[in-house]
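> All I have is the shape, not the residue letters:
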């Protein structure tokens, strides 16, 4: 079978030392310090075989994620931009849906609590949490100490087939009635990024009470998913702050009541105007520019009348965020970090929400074939016109 | 001004002793043990004057509540059915909306944090919590140790005017844009009962996560409000269990996805069928027959796969509920009691939810004039055709 | 090696049907409906070998649990009393501590996040949660859908050695400094039952705030552990309700401020007297007689001034509990079921609490040798003099 | 009666504009921008009379707080250092205990839920929350929109008598048995500052689970109270970071297991060493130097293995805190602001904790007479030898 493969050279920067989980020449937790000259190839592989507890999946759809783009993108010195766990060569692709073709012994379907049967439509978590370390044992798989990741250091789903342990799979059967045979796999390929947003605003942010206001900063896939989730959760006003008109348009489709272009209007003034001076109960930082966005949020919290605001930081960024403690004190506010999508009943609830009408498929602005994946990964390095580009298998 | 007044005779049953908060001949916490021969009259009153911290309100709409009916209804021995705090004669009516006409000194409008101005549309909490006892100080006004209640032992709103302390009022201004001048007062008169449901399922029940299922047992005004709130909160499936076809119809209007008639189908089987064997995360007992309803809920929790179910008991009832501890253990479930509507940001969130589109007015199935209130209170003792009968002032 | 083995005959009662997880002649989820003529033998076994992810442990101490007693005890028809998951013949014993002797490949020590090394002192969870079903994936291993249990359907620790998967083990190293080489294993053998209590009052009951009162009903090992945990958690008054003078004495050693003998005094009167009329924030039902105990608790909640009381049901019982919904409403109370000890960071926090001074070893009232285990299991069927009888290996 | 009075000149800095709650010449929310030339005088007053809902208290003890010092301390231009709500002349003193001498009509004792009687020992909240604005109605009195403060803009307790509304008082009767007639008033005068710490770590910080570690940064009265509270709440290790040896000594008396001098050792290294590499679940910033302390905390969270750490900011400071979002993400951590001491059942739980043995009186390092208050307020501007200086009335 053909598969989109990322290759790069193991050429650590000066001073790099192998970490405890790194493997010389094969894998590192600090991608951008090690891997050089990334290139994408479509390579030929044998169809893999499922072992005990594993399942062979025929991939139906797989979205391109920003991290795919950053793994294939080099800086001036040729090192990849993506800073995290990586092991090359690796088949990319982790936002997948597909159909179970074959199951190894002891591979159970969580939906039926019985061995997997062929024909089950599924999606997969991207994080291969070990289930045995202390964070996993304590209930925090997103913080697994021995994590592997599909499409990063374990072969991914830009391929006809993929083998995965059954425990990371969730049935898409609930989507069939509303979406039909074809669209259910598109929706299914969005469960993973939607779950990142759900984990951020519901599990970590604590959700909202019906009637609360929310502000989402950043209209990428995560921000847009947060818009849809919080609209569904009962927000009185969902405000999306996003300068791009096309993303703003998507935001409206997904449930945003108001759009702010923070490059054109005063963020705080506008949020307070829309909310009759109250501001919001939940702010999501999903831009990756917290040093710019947080001070705007903070000013809005300070000047608004809402108490108990929660600021959730979901986008990754190096920049220091300048925080005024007094604002947190006077307004009874808090700042929370969010990562991952596993555990806490997130995947099944996202699927149930989609089944009940939370249609995320409008964010897929382009559908492509497997052969077209490499060129689109390259194109997305510079061209942000499309929101989500999704590979649909023949 | 004219006002619908309940009169009854102070004639304690044998063995009754004055409680610490009772006042001989005037007020008791145990209405059904004391008051005999209730009768409704339309009496003439002077327009009251607002004192310090108080406001004079011109009433625009006021709904008839089940407790109004029970206060006016006698058992075989002539004692009123309503068991709680009562002091007669009393003007009835506590589900009110109106317009501020005049404000005493120091009467602040929470919306503006400034002194009340004439023209502000408002609704009122029914519970006159003291704000000074330990429960109030600790943040639990619904459990005030020195409570008074509008329309029970303090003159209510089946009248042209009512004077109330400003602190129990909430502005209906947010409703104006969506509902318009007239309908906003109908919606406003429903804030109180809707807040009882909101307190039950959100504050006490802890709300749900988007994608959870819920079952509401009982399609009275509280149950129907819970349907609307939980649909808005992101329930995947809102199931209303209610035998009356007209109530079922209202349930659908307010957001129920499925209706069960528990007198015709097996409750557990049906809930499990609808939910693919999972059952629900939240069950609301709003029928007043927990001895019948709870065993059905319990069986559903036991046989369904959902963990962490919450059963909220909101309807009052004397009957003992037979609870199997093992079900709570094996299914990680819990039972919670709910009363009241005050505090916890409930009123403002209900108003904001209504302003954002949660239209409760379909439950008003009949609008009447002040003169017609007594006859309708009597009629509602036997005829449950109407859901909410609301008095609209001229 | 020698091991205490329970043997019984597969002789299902009339009408019994194999459940989905039952195995003809070998295992059932309904022990008391199937197994007849239980007898204890000390049998000879080969020392087991650790496979991948597994560890060989030399057992140092193992307590006798009530369920060991009930598995070996027959009713009038010869069926065992224990109603749950069982597969015989089986080596009993699940309250174990020991030392790692040998580790299979990929067997990680959570303490170091490195492969297990010989010499590590450990205790074990009793519940072998699968880590792959939906409850496990969602973070609720105590409600695993494919559970196995050490000493019930998987060979246990009344033996010189036991092999267990590493992921169920927790290091006792933190206990060494305070308890020393010998006593640390006694304390370690109590981590499992203490974790059952911790899960009940902290994870499920939500803990308390410093200054709250608590009432523990039942002075068995679970109730006594709850006394110690809640005293440590900041209870103003820990009240233990327990008729046995020797258990009461242990309760005092473990931190109870007051003891009530509910067979001699009025429970409600006494609790209200001790608490100046307030009652308690948390009540633990750990007697197995909820039909007797709950009405006493309910009356105390009703008459006391404390709001937000939580009643946790941890002891298993068939009896229906008669619950008055109005009490839960008026007092803002709730009832919660608790089972298990796994997950939620419970084991490591119990160990850290013991390391910091929460000494549970006084509940071990008798230490015995392996050879003496069968006779003591038999004796405990009728003689409740001892609290915890613990087998200490040579 | 004599009373310690602060006088200052209303002389607003250039550009100052009266705020909405300011009163020309009398009161401002921005003390340090308005008041000049502060001086302390012992003035003569008539004994005040309690009105409706009020109580006359004979003061028994009153502590000097840091804000008393800052109100009386001038910067180079003569403006007071204290930046907040102030109205002069004003009798200072808000950490008070005393005995009820006389009660106005309708002044209820929360302890008995009956009218106050002479002889009741009491302490008082310092924050006179209105109980009527939206934050108060929603249950957040610490964020009252119409706040007054005892000893800041309302006459305080460095006087023989003070009149206060009954609703701010809490009975000290529970302290009598343990502390005796004299010491109970010393303990009682510490309820207010202890409640600030309790609100920070329990109400806002969410408390801990038994077995968690905590780090308190700053050994002032608030930090020391947090030490005592968290020790009592079940912390495995209470670590106090404080350079002053005398404060460190007090920390040990109040329950700190370890003391770190962050000016002499590496904070992160030391915390990780003490906690076997885990770090802490709760960090309290109580130094007022968050720009220095937070980076140390952040590094400890990053390098430690503990997930879900909470950082509570309780000390006021202008400085921006540099926060790395990624640390909050990877470690599942959060930052929370805390202010105030009212509501949420805090005062009664602090009193109950004290009654049960949490003795805070060691932090009173000096007892003085009323006449000596002014000189000690001045001395404390430069001399930080004493921890808490408390005025004991004759």
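Noted; the coordinates are in hand. Every value quoted in this text rests on a predicted model; they were computed, and no experiment measured them.
> burial count for the closest residue to residue A:202 other than its chain neighbours?
Excluding its sequence neighbours, the residue lying closest to residue A:202 (CB to CB, 6 or more residues apart in numbering or on different chains) is residue B:209, at 5.6 Å. Where C-beta positions appear, they are placed from N, C-alpha and C, glycine not excepted. By the criterion of other CB atoms under 10 Å in any protein chain shown, residue B:209 has 23 neighbours.
> For residue B:209, give me the pLDDT.
With respect to pLDDT, residue B:209 scores 98.
> Residue A:21 now?
On the pLDDT scale, residue A:21 gets 83.
> ok, it - contacts?
Residue A:21 sits next to A:27, A:29, A:146 when contact means CB atoms under 8 Å, 6 or more residues apart in numbering or on different chains.
> Report the separation between the first one and chain B.
Read that as residue A:27. Distance of residue A:27 to chain B, given as CB to the nearest CB, to the nearest Å: 35 Å.
> Relative to residue A:89, how far out is that residue?
Distance, residue A:27 to residue A:89, by CB to CB, to the nearest Å: 11 Å.
> and if you look at the second one?
Remark: distance between residue A:29 and residue A:89 (CB to CB) = 18 Å.
> can you list the weak-confidence ranges in chain A?
For chain A, no stretch is flagged by pLDDT under 70.
> How is it divided into domains?
If you go by automatic domain parsing, the domain ranges for chain A are A:2-190+A:360-392, A:198-337.
> Please work out which of these is packed deepest.
Neighbour counts (mean count of other CB atoms under 10 Å in any protein chain shown) averaged over each of the domains of chain A peak at domain A:198-337, with a mean of 23.
> Check the separation of the first and last residues in it.
Domain A:198-337 has an end-to-end distance of 13 Å (CA to CA, to the nearest Å).
> Stretch A:373-391 now?
Stretch A:373-391: ends 7 Å apart by CA to CA.
> try stretch A:167-187
20 Å.
> cool, and stretch A:28-48?
Its first and final residues considered, stretch A:28-48 spans 24 Å by CA to CA.
> for the helix or strand that contains residue A:349, packing partners?
Using DSSP states H and E, residue A:349 sits in helix A:346-355. Applying 3 or more CB pairs under 8 Å, 6 or more residues apart in numbering or on different chains; DSSP states H and E, one finds that helix A:346-355 contacts strand A:169-171, helix A:176-189, helix A:191-198.
> The shortest one close to chain C?
No. Strand A:169-171 stays out of contact with chain C when judged by CB under 8 Å from any CB of the partner chain, the minimum separation being 8.6 Å.
> do you know how far the residue nearest to residue A:202 is from residue A:200?
To residue A:200, residue B:209 is 13 Å away according to CB to CB.
> what's the answer for residue A:338, then?
4 Å.
> Need the residues touching each of those two.
Common neighbours of residue A:338 and residue A:200 (criterion: CB under 8 Å, 6+ apart): A:312, A:314.
> for the closest residue in space to residue A:394 that isn't next to it in sequence, what are its contacts?
Spatially, and ignoring its direct neighbours in sequence, residue A:394 is nearest to residue A:369 (7.0 Å; CB to CB, 6+ apart). Residue A:369 sits next to A:391-392, A:394 when contact means CB under 8 Å, 6+ apart.
> Could you list which of those residues belong to strands?
A:391-392 (DSSP state E).
> Specify which member of the contacts of residue A:369 is nearest to residue C:116.
Distances from residue C:116 to these, taken as CB to CB, are shortest for residue A:391 (42.5 Å).
> The stretch 151-300 of chain A against chain D: which residues are in contact?
Within reach of chain D by CB under 8 Å from any CB, the stretch 151-300 of chain A has these residues: A:204, A:285, A:290.
> try it again with 7 Å
Proximity of the stretch 151-300 of chain A to chain D (CB under 7 Å from any CB of the partner chain) is limited to residues residue A:290.
> Strands of the stretch 151-300 of chain A, start to end?
Secondary structure of the stretch 151-300 of chain A (DSSP state E, counting those that start in this stretch): strands at A:161-165, A:169-171, A:213-217, A:237-241, A:258-260, A:282-285.
> Among these, which comes closest to residue C:364?
Among these, the nearest to residue C:364 by CB to CB is strand A:161-165 (41.9 Å).
> For the closest one, which outside residues touch it?
The contact list for strand A:161-165 (CB atoms under 7 Å, 6 or more residues apart in numbering or on different chains) reads A:1, A:47-50, A:53-59, A:96, A:124, A:155-156.
> quick one: which of those residues sit in strands?
Assigned to strands by DSSP E, the following of the contacts of strand A:161-165 qualify: A:54-59, A:96, A:124.
> Distance to chain D added to these, as JSON lines?
Converted to JSON lines, the ones in strands among the contacts of strand A:161-165 look like this (distance: CB to the nearest CB, whole Å):
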{"residue": "A:54", "distance to chain D": "29"}
{"residue": "A:55", "distance to chain D": "30"}
{"residue": "A:56", "distance to chain D": "33"}
{"residue": "A:57", "distance to chain D": "30"}
{"residue": "A:58", "distance to chain D": "34"}
{"residue": "A:59", "distance to chain D": "29"}
{"residue": "A:96", "distance to chain D": "24"}
{"residue": "A:124", "distance to chain D": "22"}
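> Show me which of these is closest to residue A:377.
Lowest distance from residue A:377 to the ones in strands among the contacts of strand A:161-165 (CB to CB) belongs to residue A:96, with 15.5 Å.
> Which strand residues bridge that closest one?
Under DSSP bridges, the beta-bridge partners of residue A:96 are residue A:62.
> Residue A:237 bridge partners, please.
residue A:213.
> so who does it touch?
Residue A:237 sits next to A:213, A:257-258, A:274-275, B:356 when contact means CB under 7 Å, 6+ apart.
> what separates residue A:107 from residue C:27, distance-wise?
Taking CB to CB as the measure, residue A:107 falls 21 Å from residue C:27.
> what residues are up against residue A:45?
Residues counted as contacts of residue A:45 (CB under 7 Å, 6+ apart) are A:1, A:3, A:159.
> Where helices are concerned, which of those residues count?
Among the contacts of residue A:45, none falls in helices (DSSP state H).
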